[in-house]
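In: below are the sequence and a predicted model for it; my questions follow.
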Amino acid sequence: MAAPSHRRSLRKRRSLVITAAAVAAGVGAGVVVMNANAGTTAAADLYHQTLAAKDGWASSGTGTTGGTKADAAHTFTVSTRAQLVKALGSASDTTPRIIKVKGTIDANTDDAGKKLTCADYASGTGYSLTSYLKAYDPSTYGRSKLPSGTQEKARAAAQTKQAKNVVLKVPANTTIVGVPGSNPGLSGAMLQIQNVDNVIVRNLTFAATEDCFPQWDPTDGDDGNWNSNYDALTLRGATHVWADHNTFTDTPHLDSANPKYYGREYQIHDGELDVTKSSDLVTISRNVFSNHDKTTLIGSSDSEPAGKLRVTLHHNVYKGIVQRAPLSRVGQIHIYNNYYDVTPLNGYAVQYSINSRAKAQVVAENNYWKVPSSVKVSKLLSGDGTGAIKGSGNLVNGTVTDLVAAYNAASSKDLKTTVNWTPTLTAGLESGSAVTNLPTSLGKTAGAGVLTS
């Protein structure tokens, strides 16, 4: 079997009309008015709500307030890609802004709202998949170097054309919230938070983030890989970011529909929510991650500098997820009160849930795993022999289980069991019977479509 790749994958685009309710149905979500931080019934102004004190790493220091100070001139309601681009403005503008997303916005549209396809992006570049496959067939091109030449240049040009439409850059001091009851979300988009501070993203369904033009890399893994270029939500050098009550999914184009070329899956999806390039002070709470392979990457390489990549993940639901829930490098990561259902779903079968590598310091406590008999408990964790996971209070099918011990007993590269820090930003941390109830409680309180204003 080919060795798994830990590189950020580089991936085709199709249209989407999807409701948050439809995705949430897969995890039993209902419509409940909830407090965003603690899960208790409350009324709230979603558009001005800030991250609560001690709610994960994003509450550290100055905290995360997003665009709560926005004036009327910088408060927008958007329902098209063109309106969203205008509301976002320049990525260097630090003026506080609130953006209310009403309905589902398709990023693969032009400024007039016309639908754009992969053929539109390829037009004029000279790219064709047939020609690309012929040019870089390993039987003739070999496996020792990346593609170069006419067709690779054409592929990159076509990918650049798509990126101009689908990559949406978020400035500092911004709150982006889906309007309750409007089925809010982004289809085909990559929301990029890069080198900015203080951003809130809530109540959105991210779906169908697809690369029309994956790149072939014969040197990636034992047999090569097709790599795509867009994460649904990506943090690169960002600080103080709160991602809350969102839903992430590959729907409607699942990986099982991907063809194979050169014997490898033609992968059009990259990450769902990645935290890379020394991003820091991030809280990821009450989201639903479903039907996806490489879900959350924390740290883009093993050589990222120490001192950053401090991330909290709590009260999230993972269902139909293959890996990276999360994959952690370098930083101090707190993972608590999440629900992992690792039952195979729609062709997505788990490789592992949590990976700690490159000296990452992970604390994983009071999470719940639903594990079918076909999945070994020793496969729920992974590492490279340098990472640490301090685990406690984790349940497998309702029974407290030492996941690190199970992994180490079956692995030649042991996870370390002690870490160099103690979490203190733990608002809402649940224990005891509340952990046993996570499959039910998070089915009602996680994901888009739950919050109301």
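Out: Structure's in. What do you need? Everything numeric in this text was worked out from a predicted model, so none of it was measured. Residues are numbered from 1 along each chain as shown.

In: excluding chain neighbours, give the residue nearest to the residue most central in space within the chain in space.
Out: Closest residue to the average C-alpha location of the chain: Leu273 at 1.8 Å, with C-alpha atoms, centre = their mean. Nearest non-adjacent residue to Leu273, counting by C-beta to C-beta, 6 or more residues apart in numbering: Leu233, 4.6 Å away. To be clear about C-beta, it is placed using only N, CA and C from the backbone, and glycine gets the same treatment.

In: residue contacts, that neighbour?
Out: By C-beta atoms under 8 Å, 6 or more residues apart in numbering, the residues touching Leu233 are Met190, Leu191, Ile193, Val201, Phe206, Ala243, Asn246, Phe248, Glu272, Leu273, Asp274.

In: check contacts around the residue nearest to the first one when sequence neighbours are not counted.
Out: With sequence-adjacent residues excluded and distances taken as C-beta to C-beta, 6+ apart, Met190 is closest to Tyr230, at 4.1 Å. Taking C-beta under 8 Å, 6+ apart as the contact definition, Tyr230 lies against Arg11, Ala163, Val166, Val167, Met190, Thr209, Glu210, Asp211, Asp270.

In: please identify the helix or strand for Tyr230.
Out: Using DSSP states H and E, Tyr230 sits within no helix or strand.

In: need phi/psi at it.
Out: phi -130, psi 130 (degrees, to the nearest 10).

In: measure Ser303 to Ser411 for me?
Out: 23 Å (C-beta to C-beta, to the nearest Å).

In: neighbour count for these two, which is higher?
Out: Per other C-beta atoms under 10 Å, whichever of Ser303 and Ser411 has more neighbours is Ser411, with 15 against 9.

In: report pLDDT for the more buried one.
Out: Predicted confidence (pLDDT) for Ser411: 96.

In: now it. Its backbone dihedrals?
Out: phi -120, psi 150.

In: could you count how many residues lie near the residue nearest to Arg97 when sequence neighbours are not counted?
Out: The shortest distance from Arg97 to any non-neighbouring residue, by C-beta to C-beta, 6+ apart, is to His74 (4.2 Å). By the measure other C-beta under 10 Å, the count of residues near His74 is 18.

In: kindly report the same for the one 4 residues further on.
Out: For Val78, the tally of surrounding residues (other C-beta under 10 Å) stands at 21.

In: bridging residues for it?
Out: Val101 (DSSP bridges).

In: so which of the contacts of Tyr230 sit within strands?
Out: Val167, Met190 (DSSP state E).

In: widest-spaced pair of the contacts of Tyr230?
Out: The largest separation in the contacts of Tyr230, counting by C-beta to C-beta, is between Arg11 and Val167 at 13.9 Å.

In: more neighbours: which of those two?
Out: Of the pair Arg11 and Val167, Arg11 is the one with more neighbours under other C-beta under 10 Å, namely 25 against 17.

In: show me the contacts for the nearest residue to Pro372 once chain neighbours are set aside.
Out: Nearest residue to Pro372, sequence neighbours excluded (C-beta to C-beta, 6+ apart): Thr343, at 5.0 Å. Residues near Thr343 by C-beta under 8 Å, 6+ apart: Lys319, Lys370, Pro372, Val375.

In: and for the chain, the residue most distant from the center?
Out: Furthest out from the centre of the chain (C-alpha atoms, centre = their mean) sits Thr140, at 36.7 Å.

In: okay, and it sits in which element?
Out: helix 138-141.

In: gap between that helix and the chain center?
Out: On the basis of C-alpha atoms, centre = their mean, to the nearest Å, helix 138-141 sits 34 Å off its chain's mean C-alpha point.

In: again, but for stretch 263-279
Out: 9 Å.

In: so for stretch 365-381, what gets flagged as buried?
Out: 365-371, 375, 377-381 (16 or more other C-beta atoms under 10 Å).

In: ok, the residues you listed vs Asn287, which is closest?
Out: Distance to Asn287 across the buried residues of stretch 365-381 (C-beta to C-beta) is lowest for Asn367, with 14.4 Å.

In: ok, now how distant is that closest one from His314?
Out: In terms of C-beta to C-beta, Asn367 sits 9 Å off from His314.

In: what touches both of these two?
Out: Common neighbours of Asn367 and His314, using C-beta under 8 Å, 6+ apart, are Ile335, Tyr336, Asn337, Asn338.

In: what about the contacts of Leu233, which one has the most neighbours?
Out: Using other C-beta under 10 Å as the neighbour criterion, Asn246 leads these with 32 neighbours.

In: I'd guessed that residue sits against Leu191; true?
Out: No: counting by C-beta atoms under 8 Å, Asn246 stays clear of Leu191, with 9.9 Å between them.

In: who touches both of those two?
Out: Val201, Phe206, Leu233.

In: quick check, the second one in a helix?
Out: No: assessed with DSSP: H, G, I helix; E, B strand; the rest coil, Phe206 is strand; it does not lie in a helix.

In: look at the nearest residue to it once chain neighbours are set aside and say how many residues are nearby.
Out: Sequence neighbours aside, Ala232 is the residue nearest to Phe206 in space, at 3.8 Å (criterion: C-beta to C-beta, 6+ apart). A count of nearby residues for Ala232, using other C-beta under 10 Å, gives 27.

In: what's the answer for Gly124, then?
Out: Neighbours around Gly124, by other C-beta under 10 Å: 11.

In: tell me the pLDDT at it?
Out: Note on Gly124: pLDDT of 98.

In: could you do Lys12 as well?
Out: With respect to pLDDT, Lys12 scores 36.

In: for the stretch 151-300 of the chain, what are the low-confidence residue spans?
Out: Of all residues in the stretch 151-300 of the chain, none has pLDDT under 70.

In: list the contacts of Lys308.
Out: Contacts of Lys308 by C-beta under 8 Å, 6+ apart are Ser278, Ser279, Asp280, Val330, Gly331.

In: tell me the spacing between it and Arg155.
Out: Distance from Lys308 to Arg155, by C-beta to C-beta: 33 Å.

In: again with Ser123
Out: With C-beta to C-beta as the criterion, Ser123 and Arg155 are 14 Å apart.

In: more neighbours, these two?
Out: The residue with more neighbours, out of Ser123 and Arg155, is Arg155; 26 against 12, by other C-beta under 10 Å.

In: could I get the buried residue list for the helix or strand where the more buried one lies?
Out: Here Arg155 sits within helix 150-166, counting by DSSP H and E. Residues of helix 150-166 classed as buried: 151-152, 154-159, 161-163, 165-166 (neighbour count, 16+ other C-beta under 10 Å).

In: pLDDT value on the closest residue to Thr95 other than its chain neighbours, please?
Out: Excluding the flanking residues, the one nearest Thr95 by C-beta to C-beta, 6+ apart is His74, at 5.7 Å. Listed pLDDT for His74 reads 98.
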